[in-house]
Structure formats: structure tokens, C-alpha cells
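Asker: my questions are about this predicted structure, shown below with the sequence.
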Amino acid sequence: MTIKNTCLSFLIITFSFLKVSAQFNQPETKSHPNPKQPKLIVGIVIDHLRSDYFDKYSHLFSDGGFNKLIKNGAFSNDTEYNYAYSQSGVDQATIYTGTPPAYHGIISHAWFDRISESAESSTYDKRYRKLGIADTVISKSPHKLMAPTLGDIMKLNNPKSRVIGVSLNNESAIFSAGHAADAAYWLDGIQGKFISSSYYQNTLFNWVNNFNATDLPNKYLEKPWVPKDLEDNGSSTDIIKAKLNLIDQFYFDLKKEKKKLGYYALKNYPAGNLLVKDFAVATIINENLGKDDDCDLITINFSCLGNNHRVFSPYSPEMLDCVTRLDKNIENLITFLDEQVGMENVLLFVTSDQPASFLQSDLEKQHIPHGYFSSYNAVALLKSYFNITYGAGQWILGYDSQQIFLNHKLIEDSKRSIEDVQIKAAKFLVQFSGVSKAIPAHHFIQSNYSHGIMNKIQRSFNHKRSGDVLITLQPGWVNQIKDERDLVAQYSQSRRVPLFWYGWKIKNQELNQQLDIEDIVPTLSSFLKITPPSGCQGKPIEGLID
């Protein structure tokens, strides 16, 4: 497929795609309504979107966004992640492989590697370089993803299919697109450009460079973040009053945030979601997605809710403003897809990687049990305990993502049993306040748990990568954050998320049965009449289409 004229792309980007009908080439004649297969699959995953938003706040949404998905598509508010440790990159891998972390291998943002004796990023790959910035910078790849994705199977069945992932975060773009993808794009937080990896291509396409040249990140960070109603209808005086706390309206100075965080600030505010929408639109246009009978796939991740959930309560004005602005992004994207490709040719699904949880302050106000678990204190005391019990030595190599990694070589050299040391560590850790369970890893190797929390933990446990002791916390307890970059605290205790289906032949209905997030890929595979990826454990959702 050819890349469209870059001047057209530049014009479209400059106007931020707000009036799509005036900016795009006229769509092809819709001579084949509801084709046997969709021409374009659009997968949207929204970090920390809650199911209850759509009952509680539907009156705040436009008719063309989430409400349109509910009124004209299929909707479930009870789709579950059926494993213990839910995290953004982990969940993206699960959604697009149809299998849990035990099999796809992405157990966390990072895990402890016993060979290098250091934390290993889930996407880091020194064999490749970043595209779009200095060529010497080491980049990312999906190499550590152990299972094939939907996009991989689509490419195996038809190499002409295009598969592309888009996100502010590299993990979400990479794991959703898969191994055989044509590209994955994410935002570089230092230079404010969308970049990729030489894993996919040798050089960044001209249209991506042209998009970056429009300097949208800086333009979006010029304006303060205030409530949408104040932004649209308030006077400049009202905005100044909000800045000075003279009225009950929030105000965030994004210029100051940029000075503190660089372009990483975009990940914390609705402007980041708008930027992703803009780039996704540019991708569909310039890559000609959905313009022929070879079904294409674009995966899109909106992540600003995920970054905000640790700061704002789920029902706070700030979070609701994020959601209502996101609703507008969804509306604009649907309008664009209908004009550019035709919704009868597009199959759209929207879900969440994990729902936002209540803050500790919310629980405290209602006298609900809660607390912070300090893994750093627990590990330090465990090290002291082992030094007293076994003698001085580095018995613990590390702690990452609620897992203890023991020094197997030292244990074996001391003629001790690894299983015995695992048990002793688990018995020690379970005594800490907030710890619900501390389970030795050998339990998951030697036994098969068919239900309950042990089954969910086992489905998160990967024999090659998981630690020696796995910890779960009591309801209401969270990991204490050591610093702003500690991603352990992003694990969610709630596992139920919304799931929307829209476009193509989708029937309007409410899906009342409980669904598994792993059902998405086999459902899409059945629509495309291809075999689901190997290892896929979900089942096709019945009755979605006529």
C-alpha cells in the first residue's frame, strides 16, 4: 500500500482533525454494505475506564460517543480479567493474545532477571534502535512476548493485511500490535515526538516526520487544563479566577508541568488522549487502512486516565472531565471512520485494561479497611531474617511486582532446598499487615488450581519469569510508592471492565452474560474465519452478529 501525499497529511494534522469531512479524501463508494468480513478492525483500550461511568454519567456524554456505542452496538459491563495481577502492559498482551500472563510471559512492566541480576524491562531490546530520534538510542521490540497475537495470525493468513499499534506508551503499542506488525508508534517523553523501532522498519516514514513537524505536543501543552465547560463557555476572567482558587473549578498549568516532566506531562492530562486520536487518524489515512479487501488492524491506547487514577478519585471532577473529553475523542474518531472507511466496513471494539480504584483517602472517609504495604521494609526485614537464620549472604536477589526473587545458586551451594527457603520466606512475609497471601512458587509448579484466588494467581505465574514467592494484598491495601516512577503501585484489585462492540454487522444488545477479556481475540478470529492464535484460551462470544 502507498503512502498518501504528505502535504495533505500535514494539512490534516495542522487542523487537528476537528472537521473531518472537509479534510479527508471522499470515501470510496459504499457499494457493498455489510461485507462478509470487515475491512478494518479498530481496537481501543482505555486505561482505568470504569464500567459504572456509563450508568452514572451517561447524561454527560455526547450522543455520538459512548452513548452511540451503547445505543447502536453491543455492550457488556461485566468483562473480567481472570488473573491476579492486572497492569497496563500485561493486560494489553492478554487482550491481543487471548491468553493469560502464565502463557504470554508478560508478567509485569519489568521483572527480575536472575542472569543479569537486574530488573528487565518487558520491551527493552538492545538489538534495535529508536526511529525518529538519535539512531544510537537502544529501542524496544515484542521479543519477550511469548505468544502470538491477533495481528500475527492476520499477517500469517494474509501478508497484505496491515497491522499497526498506536499509544503514548511503548508497551501498549508494541504488545497490542504483536511480532509481525508493520509498525508500532509511541511518544518519546523527552523530545515530544512519535517514534518507532528499527525492529519494524529501517527508517521512520515521511508522514510520521510530517506529523511530528506540526509540533502538536507543544501546542496542546500551551493551554491550561480547566473543566471543559469553563474552557468552552467561561471568560478569561473566570479562568484567571480558577487559577487563583477564587472559584470552585480546578486549574492545571500545563506549561509548568512540561517544565517539571517534559513531554511525559502529556500522559497525565486529556491533551495526551487528543494527541493519540490525532495520530491514529493520521495513521489510518497515510497507511490507507481499510481501503481494500485485505482486512487491516489498528490498535489504539488512551492512557491519561491510567496516569491520573493514583491522584484523583474515580468520581472527582478531574477524572470526569477526562472521561467526557475522551467521549468527544471517541465521537470524532467514529465520525472520521464512517467518512473515511464506512462503519459498515469497520469493526470497532472498546475496552479497558483495568478500572480505576478508589483512593486511600476515599476509603478512610468511609471507615473502610485500607492501608499501605511497604515492600521495601518487608524485603529489608526478610534479608535480615535470612542472614540470622542461614548466615550472612545475598539470599534475596531482588523484589519486583509483588514477587521475591531468591538466590538459587547460593541456596544450592549451601545444600539447602529452594522449596524450603521459599516456604520460610512465605511464612515470614504473610505476617505483615496488609498481606493476604504469600505463596511459594513451587505450589504453582506442582499443583493445578481450578478456581478461586489460587487459580487467578496461577494464571499470572510464568515458570520462567515469575519470582519464588508471590504476594497478594488484602482488599483496600496498596503498595506504598517509593517514587513517582514506581510502577508496582499500578496493579489493580478490581478486574471487571466494560466492553463495547460497534460497526460492521454488530447487533444492538446488552451482553448480560459474564465475559472474559480473553474472549475478544477468538471472537475476532471467528469473524475473520481464521484460526485463533496458538495458546488462545478464550471462547468466541456468540450472538454478536446476525
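Answerer: Structure received. Residues are numbered from 1 along each chain as shown.

Asker: so what's Phe66 up against?
Answerer: 54, 58, 327, 330, 500 (C-beta atoms under 8 Å, 6 or more residues apart in numbering). (Each C-beta comes from the backbone N, C-alpha and C, glycine too.)

Asker: let's go with 10 Å and repeat that
Answerer: 49, 53-54, 57-58, 60, 75, 323-324, 326-327, 330-331, 350, 498, 500 (C-beta atoms under 10 Å, 6 or more residues apart in numbering).

Asker: can you check Val421 too?
Answerer: 386, 389-390, 395-396, 406-408, 410-411, 414, 440, 468-469.

Asker: low-confidence ranges, the stretch 351-500 of the chain, go.
Answerer: For the stretch 351-500 of the chain, the stretches with pLDDT under 70 are 481-494.

Asker: strands along that one, start to end?
Answerer: Residue ranges of the strands in the stretch 351-500 of the chain, as given by DSSP state E, counting those that start in this stretch, are 371-373, 396-399, 403-406, 435-440, 469-473, 477-479, 496-503.

Asker: out of those strands, nearest to Asn233?
Answerer: strand 496-503 (29.5 Å; C-beta to C-beta).

Asker: now for that closest one, which elements pack on it?
Answerer: Applying 3 or more C-beta pairs under 10 Å, 6 or more residues apart in numbering; DSSP states H and E, we find strand 496-503 packed against strand 40-48, helix 53-56, helix 66-72, strand 74-80, helix 317-340, strand 346-355, strand 515-516, helix 520-528.

Asker: show me which positions of the fifth one end up buried.
Answerer: Applying a neighbour-count criterion of 16 or more other C-beta atoms under 10 Å, the buried positions in helix 317-340 are 318-340.

Asker: skipping its backbone neighbours, what lies nearest Leu230 in space?
Answerer: Nearest residue to Leu230, sequence neighbours excluded (C-beta to C-beta, 6 or more residues apart in numbering): Gln249, at 5.4 Å.

Asker: could you do Asp321 as well?
Answerer: Pro227 (5.4 Å).

Asker: test my guess that the one you found contacts Leu320.
Answerer: Yes: between Pro227 and Leu320 there is a contact under C-beta atoms under 10 Å: 8.9 Å.

Asker: now the common contact residues for those two.
Answerer: Counting by C-beta under 10 Å, 6+ apart, Pro227 and Leu320 have no contacts in common.

Asker: hmm, back to that, how about JSON lines for the helices and strands packed on strand 496-503, with distance to Asp91 added?
Answerer: Formatted as JSON lines, the helices and strands packed on strand 496-503 follow (distance: least, C-beta to C-beta, whole Å):
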{"stretch": "strand 40-48", "distance to Asp91": "8"}
{"stretch": "helix 53-56", "distance to Asp91": "18"}
{"stretch": "helix 66-72", "distance to Asp91": "20"}
{"stretch": "strand 74-80", "distance to Asp91": "12"}
{"stretch": "helix 317-340", "distance to Asp91": "18"}
{"stretch": "strand 346-355", "distance to Asp91": "4"}
{"stretch": "strand 515-516", "distance to Asp91": "12"}
{"stretch": "helix 520-528", "distance to Asp91": "11"}
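
Asker: tell me the contacts of the residue minimising distance to the centre of the chain?
Answerer: In the chain, the residue lying closest to the centroid (C-alpha atoms, centre = their mean) is Ser88, at 4.0 Å. Contacts for Ser88 (C-beta under 10 Å, 6+ apart) come out as 45, 47-48, 109, 167, 169, 171-172, 175, 301, 303, 306-307, 353-354, 487, 490, 492.

Asker: got any ranges where the chain has weak pLDDT?
Answerer: 1-33, 135-136, 481-494.

Asker: which parts of the stretch 201-350 of the chain are strands?
Answerer: For the stretch 201-350 of the chain, the strands defined by DSSP E, counting those that start in this stretch cover 296-302, 346-355.

Asker: and the angle for the longest one with strand 74-80?
Answerer: Comparing the axes of strand 346-355 and strand 74-80 via axes from the mean of the first three to the mean of the last three C-alpha atoms, to 10 degrees yields an angle of 30 degrees.

Asker: next, the closest residue to Pro317 other than its chain neighbours: phi, psi?
Answerer: Distances taken as C-beta to C-beta, 6+ apart put Phe250 closest to Pro317, at 6.0 Å, once the chain neighbours are dropped. Dihedral angles of Phe250 (phi, psi; degrees, to the nearest 10) stand at phi -80, psi 160.

Asker: and Leu187, by the same measure?
Answerer: Leu187 adopts backbone torsions of phi -90, psi 130, taken as degrees, to the nearest 10.

Asker: kindly report the same for Asp152.
Answerer: Dihedral angles (degrees, to the nearest 10) for Asp152: phi -60, psi -40.

Asker: what's around it, how many residues?
Answerer: As a burial measure, Asp152 scores 22 neighbours (other C-beta atoms under 10 Å).
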